[in-house]
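K.L.:
Just the structure for this:
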Amino acid sequence: MKSQKGFISSIGDDFPSLIPIFLGLLIFFSVFLSSYNTYKINTTNFSLQQQAISVTGIMRTEPVISDYNSFISICNKVNTNKKWVAFLTDLDMNVSKQKALPLDKEELYDNYIIKNNNSRIYNCPNDNWDDLELKNNLKKIIYMFPIDLDRNNFSVPVKLFVIVWGN
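P.N.:
I've put the predicted structure just below:
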């Protein structure tokens with residue numbers, strides 16, 4: 001009786017041909033998973049950007065904000081599932097005096113956002129203001145638009161900021 005050297009089993013002869021097939025499947029599913037993750041990230045970013053455009057479109061419906069109540073009524077028209085805030089800041093016509101907004105939320109709230117004669121602050125919605133973090137790495141979209149605000153029977157240019165971030 002002769003022993004058959006090198007014979008493992010009926011599948012043993014197929015091992016050399018199965019290794020490239022398994023490696024090919026591994027590479028295929030790795031590329032597929034990577035493509036899916038990229039698609040998911042881009043879809044999330046696109047959804048956030050669409051919501052931001054929707055919010056800013058509503059906030060800019062009136063080219064002139066006549067008073068605080070009209071600003072709040074515009075704010076109440078916004079319907080979105082993302083968190084957002086909108087506020088008005090002064091637009092100094094002297095370019096050398098214009099400053100960038102601070103990343104400190106309290107300084108922004110106390111010193112930059114416009115207040116009306118009754119010390120009401122032009123920002124909305126107030127319940128999202130506490131959730132806003134300008135310094136963290138959360139994905140945010142910030143838009144700024146020039147708009148007019150009636151102050152003491154004069155129309156003055158101001159900046160409308162809209163910040164939208166994910167849940």
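K.L.:
so Lys77 makes contact with Gly57?
P.N.:
No: between Lys77 and Gly57 there is no contact under C-beta atoms under 8 Å: 10.3 Å. All C-beta spots, glycine's among them, are computed from the backbone N, C-alpha and C.
K.L.:
Distance of the most centrally placed residue in the chain relative to Gln50?
P.N.:
Closest to where the C-alpha atoms of the chain average out (C-alpha atoms, centre = their mean) is Lys140, at 3.2 Å. Noted for Lys140: a distance of 15 Å to Gln50, by C-beta to C-beta, to the nearest Å.
K.L.:
which residues does Lys139 contact?
P.N.:
Applying C-beta atoms under 8 Å, 6 or more residues apart in numbering, we find Lys139 in contact with Thr44, Asn45, Leu48, Trp165, Gly166.
K.L.:
And Val162, by the same measure?
P.N.:
Neighbouring residues of Val162 by C-beta under 8 Å, 6+ apart: Ala52, Val55, Thr56, Met59, Trp84, Val85, Ala86, Ile142, Tyr143, Met144, Phe145.
K.L.:
pull the CA atoms of whichever strand or helix holds the fifth one into CSV?
P.N.:
Trp84 is part of strand 83-90, with elements assigned from DSSP states H and E. Coordinates of the C-alpha atoms in strand 83-90 are reproduced here as CSV (Å, rounded to 0.1, in the frame of the first residue of the first chain):
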residue,chain,number,x,y,z
LYS,A,83,-31.3,72.9,15.3
TRP,A,84,-30.9,76.6,14.2
VAL,A,85,-30.5,80.1,15.5
ALA,A,86,-30.9,83.4,13.7
PHE,A,87,-29.8,86.8,15.0
LEU,A,88,-29.1,90.4,13.8
THR,A,89,-25.9,92.3,14.4
ASP,A,90,-24.9,95.8,13.4
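K.L.:
roughly how far out does that strand sit from the chain middle?
P.N.:
What separates the centre of strand 83-90 from the centre of its chain is 14 Å, taken as C-alpha atoms, centre = their mean, to the nearest Å.
K.L.:
ranking the contacts of Lys139 by neighbours, who comes first?
P.N.:
Within the contacts of Lys139, Trp165 tops the neighbour count with 22 neighbours, counted by other C-beta atoms under 10 Å.
K.L.:
Please look at Leu48 and Val164 and confirm they touch.
P.N.:
Yes: using C-beta under 8 Å, Leu48 is in contact with Val164, at 6.5 Å.
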